[in-house]
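Asks: what follows is a predicted protein model with its sequence.
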Amino acid sequence: MSDAMHPAIAGAQPSQRAEKRPEAPLFEGAYQDRFEKILTRYPDKRAALLPVLHLAQEVRGWVSPQTIRRVGELLDLTPAYVRSVASFYTMFNLRPVGKYLIQVCVGIGCDLCRAEEVAEKFLELTRTRIGETSEDGKYTVIEVECLGACAFPTVVQVNDKVYENVKAEEVEGLLKELD
Ligand code: FES
């Protein structure tokens, strides 16, 4: 098992931090600067919806109904429109997630290398079911279709960190590493 942000997906995945601040303002300080910088890339601020949603999720950990409303206000979009876009893409969390969002790739490349066993081991050890958050609020395990590092199955992403060549028997050690 190795851990890295694979070059193929670095920057493509939304940032998922261990620290979640669901009530944090959108946006202030360094995040205000980043928000304004995003807007400069588009002739019409409404076109900045996806990167702004990513930024909002980075701040708050998930895209709540309040976040949808606020992003709509900032970009002159209706909440219904923002919600429709956010719900189309699987990388946006429409429910709160645990401190560690564990994404196990079950795409064809990883599936052929027993990704299901890896996913099952995570579920067993975190005592959760797919998409549920553990009682202590630490873990949410989800299955995803491809993390863009197919040559290194099974691929697992925990928040911002990518683990390659993960075997079921290594899952326990990986979880201990997080604590
Ligand atoms: S199929 Fe697993 S990373 Fe692509």
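Replies: Perfect, I can see it now.

Asks: now the residue of the chain found nearest the ligand. Its backbone dihedrals?
Replies: Residue of the chain nearest the ligand, by CB to the nearest ligand atom: Gly107 (2.8 Å). (Glycine included, C-beta is placed from N, CA and C.) Per-residue torsions, Gly107: phi -60, psi 170 (degrees, to the nearest 10).

Asks: show me what contacts it?
Replies: Neighbouring residues of Gly107 by CB atoms under 8 Å, 6 or more residues apart in numbering: Ala115, Val144, Glu145, Cys146, Leu147, Cys150.

Asks: nearest residue to the last one in space, please, no chain neighbours.
Replies: When you say that, I think you mean Cys150. Among residues not flanking Cys150 along the chain, Gly109 sits closest, at 3.7 Å (CB to CB, 6 or more residues apart in numbering).

Asks: helix or strand for the residue lying farthest from the centre of the chain, just tell me which one.
Replies: Relative to the centre of the chain, and counting by CA atoms, centre = their mean, the farthest-placed residue is Pro43 at 27.7 Å. Using DSSP states H and E, Pro43 sits within no helix or strand.

Asks: which residues of the protein fall in helices?
Replies: 30-40, 49-60, 65-75, 79-88, 108-111, 115-126, 171-178 (DSSP state H).

Asks: next, the buried residues of the third one.
Replies: By neighbour count on 16 or more other CB atoms under 10 Å, the buried set for helix 65-75 is Thr67, Ile68, Arg70, Val71, Gly72, Leu74, Leu75.

Asks: now do the last one
Replies: For helix 171-178, burial by neighbour count (16+ other CB under 10 Å) applies to Val171, Leu174, Leu175.

Asks: scan the helices and strands of the chain for the one with the lowest mean pLDDT.
Replies: Lowest on mean pLDDT, DSSP states H and E among the helices and strands of the chain sits strand 2-4, with a mean of 62.

Asks: ok, the residue nearest to Cys150 - contacts?
Replies: Cys146, Cys150, Ala151, Pro153.
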